[in-house]
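Asker: Attaching a predicted model along with its sequence, questions to come.
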Amino acid sequence: MKKIILSSVLFLSQLATAQTLVWGNTFDTPADLQGWTFHDLNNNSNGWLQGQNIYHNGTSMVYGTAGVLRHSINLVPTGNASGFLAENDWIISPQIDLTNTAGTITLAAYIGRQRTTHTTLGRDLYIYVSTPQKAVPELSDFQAMTVDTAGNELPSPYKIQVGGSDNPFPTDLTQFVQDLVDISAFAGKKIYIGLWSNRKPNSNNIQNINIDEIAIYASAFLGTKDVKTKKNLTQIAENPVKETLKLKLNPELKEKTAVVSIYNVAAQKVITAQYSQSINVAELSAGTYIAEITDGKTTERLKFIKK
């Protein structure tokens, strides 16, 4: 069951603040991996993929019903991949634009296990920062993060990990557990995230992981004025929305210069228009969206559901 991206705001007790969705992926369909790159370096046709979660039902490995990003030694629940002892697979995200973010930046992930024996599951996140000299990384840039000059493996300081006494899994293997990672060091930057799967003993990474969702949230945004009062806010007249997004503008926003941008749950801008009391959204598919209204000085973000 999806829990992160269905809400545009994440309330973190650990951080004592509310955070707004910047980027996310639910991995519901193969289309959700558009822009991601894959590397099966041991050439055994096993690696990262989008599909149904895999878990052991007490008798055998079976498919669940959740769409996930998955890595497993099982090509299908009933078979193993040849050469999995030398597993060496990467998946690298599209560019994630955090240039407008500030404050606390949090990566949230929901992790599921495949067997009851998998008491702790984790994955190092290797994060590449784009530069004017090299905006788009190569696989070798990520591989360089995993070892030192002597060839010794280096754990990433950023890791999603669940299980154990502090963050236990539920008994039901079809359920997922949240983990939060502070990536505030990357505020104001454009980044790529690489996940590595290998099969070396005592390595930094492990197999058999189901990732139900990944999302990034920020507590502040550069160049914007957050409206903290509940009075005179922009409002959505009708929500869920059918064909027209009807807005009642906050008086603090200048109507003549206000622009409305609409983002999907992957933080992709799908519509941009000058402010109007009625914005045509008929072309959007059903789902959850964020409407951002700004006049250059004041910015508000509202969640709505398109029928």
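Answerer: That came through fine. Numbering: from 1, shown residues only.

Asker: Gly112 and Gln52 touch, don't they?
Answerer: No - counting by CB atoms under 8 Å, Gly112 does not reach Gln52; the two are 11.1 Å apart. To be clear about C-beta, it is placed using only N, CA and C from the backbone, and glycine gets the same treatment.

Asker: Which residues are in contact with each of the two?
Answerer: Ala66, Val68 (CB atoms under 8 Å, 6 or more residues apart in numbering).

Asker: Let's verify the residue of the chain most remote from its centre: helix, strand, or coil?
Answerer: Distance from the C-alpha centroid of the chain, by CA atoms, centre = their mean, peaks at Lys256 (34.8 Å). Following DSSP: H, G, I helix; E, B strand; the rest coil, we place Lys256 in the coil state.

Asker: From Thr174, how far out is it?
Answerer: Separation of Lys256 from Thr174 (CB to CB, to the nearest Å): 52 Å.

Asker: buried residues in stretch 90-110?
Answerer: 90-96, 98, 101-102, 104-110 (16 or more other CB atoms under 10 Å).

Asker: Just the ones of these in strands?
Answerer: 90-92, 96, 101-102, 104-110 (DSSP state E).

Asker: Farthest pair within those residues?
Answerer: Trp90 and Ala102 (30.2 Å; CB to CB).

Asker: related to what we said a few turns ago, ok, the residue farthest from the centre of the chain - contacts?
Answerer: Per CB under 8 Å, 6+ apart, neighbours of Lys256: none.

Asker: Tell me the predicted confidence for it.
Answerer: pLDDT for Lys256: 85.

Asker: repeat for Asp226
Answerer: 46.

Asker: what does Asn25 give?
Answerer: pLDDT, Asn25: 91.

Asker: doesn't Ala215 make contact with it?
Answerer: Yes - assessed by CB under 8 Å, Asn25 is found in contact with Ala215 at 7.5 Å.

Asker: still on that earlier bit, of the ones in strands among the buried residues of stretch 90-110, just say which sits nearest to Ala144.
Answerer: Closest to Ala144, out of all of these and judged by CB to CB, is Trp90, at 12.5 Å.

Asker: So what pairs up with that closest one in the strands?
Answerer: Taking DSSP bridges as the rule, Trp90 bridges to His39, Trp196.

Asker: Kindly indicate whether Ile54 is helix, strand or coil.
Answerer: Classified using three-state DSSP, Ile54 is strand.

Asker: and what of Gly35?
Answerer: Per three-state DSSP, Gly35 ends up coil.

Asker: okay, now it: neighbour count?
Answerer: Using other CB atoms under 10 Å, Gly35 is surrounded by 12 other residues.

Asker: wait, what's in contact with the nearest residue to it once chain neighbours are set aside?
Answerer: In this structure, Gly35 finds its nearest non-sequential neighbour in Pro94, 3.5 Å apart by CB to CB, 6 or more residues apart in numbering. Pro94 makes contact with Gln34, Gly35, Trp36, Tyr192, according to CB under 8 Å, 6+ apart.
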